[in-house]
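Trainee: got a sequence here, can you build the structure:
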Amino acid sequence: MTDVTEFKVNHQKLYLSPVMDLYNREIVSYEIAERPLPIMIKNMLTKAFKRLDSGQQPILHSDQRWQYRMPAYRQRLHQSRVVQSMSRKGNCYDNAAMESFFGTLKCEMFHLNKFDTTEALKDALHDYIRYYNVDRIKLGLGGLSPVAHRMQAAAAPA
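Mentor: Residues are numbered from 1 along each chain as shown. Next comes the predicted model:
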């Protein structure tokens with residue numbers, strides 16, 4: 001699942017575009033940019049696709065934002081054998097997991113701090129995403145963090 005969210009710092013904007021694995025809610029890749037240009041989405045996809053095992057054919061869900069309707073984006077998914085899924089028009093609930101992540105991120109990190117520069121916010125975003133993946137536990141994952149849950153599942157006998 002993917003989406004883009006916006007932050008404002010001293011009359012400047014910063015955009016975060018993550019990919020979330022819905023199996024364990026782990027942020028598997030992300031890109032941060034000062035403008036929501038197609039290159040931001042391309043870089044985010046490149047990072048996400050590097051994590052795929054050969055033969056995997058995941059589904060990547062998004063809303064209907066213009067970046068996800070561009071021919072270059074669709075072609076990139078097709079070349080990587082990724083199935084595109086998009087929210088129904090006007091239905092924010094289809095992207096609820098990502099909106100929940102954005103809300104948690106803004107509540108736990110962004111709104112509790114004052115950032116003087118976009119660079120300071122970038123650093124904080126990197127730190128928070130690492131914390132979210134590695135340290136922050138989720139009751140829905142049995143009290144484990146997303147990474148710990150993935151590692152436990154990988155180690156379990158088949």
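Trainee: worst-scoring helix or strand of the chain, pLDDT-wise?
Mentor: None of the helices or strands of the chain scores lower by mean pLDDT, DSSP states H and E than helix 66-69, at a mean of 94.
Trainee: now the longest strand along the chain: buried residues?
Mentor: Counting residues, the longest strand found in the chain (DSSP state E) is strand 12-21. Of all the residues in strand 12-21, those buried under the rule 16 or more other C-beta atoms under 10 Å are Leu14, Tyr15, Leu16, Ser17, Pro18, Val19, Met20, Asp21. For the C-beta atoms, the positions are set from N, CA and C on the backbone; glycine is no exception.
Trainee: equivalent analysis for stretch 90-105, please.
Mentor: Within stretch 90-105, the residues scored as buried using 16+ other C-beta under 10 Å are Asp94, Asn95, Met98, Glu99, Phe101, Phe102, Leu105.
Trainee: ok, so of those, who is nearest Arg150?
Mentor: Arg150 lies nearest to Phe101 out of those, by C-beta to C-beta, at 16.2 Å.
Trainee: are there helices or strands packed against the helix or strand hosting the closest one, and which ones?
Mentor: Using DSSP states H and E, Phe101 sits in helix 96-105. Counting contacts by 3 or more C-beta pairs under 8 Å, 6 or more residues apart in numbering; DSSP states H and E, helix 96-105 packs against strand 12-21, helix 118-134.
Trainee: still on that earlier bit, closest to Ser54 out of the buried residues of stretch 90-105?
Mentor: Met98 (26.6 Å).
Trainee: pretty sure that closest one contacts Val19?
Mentor: No. Under the criterion of C-beta atoms under 8 Å, Met98 is not in contact with Val19, lying 9.2 Å apart.
Trainee: what touches both of the two?
Mentor: Counting by C-beta atoms under 8 Å, 6 or more residues apart in numbering, the contacts common to Met98 and Val19 are Met1, Thr2.
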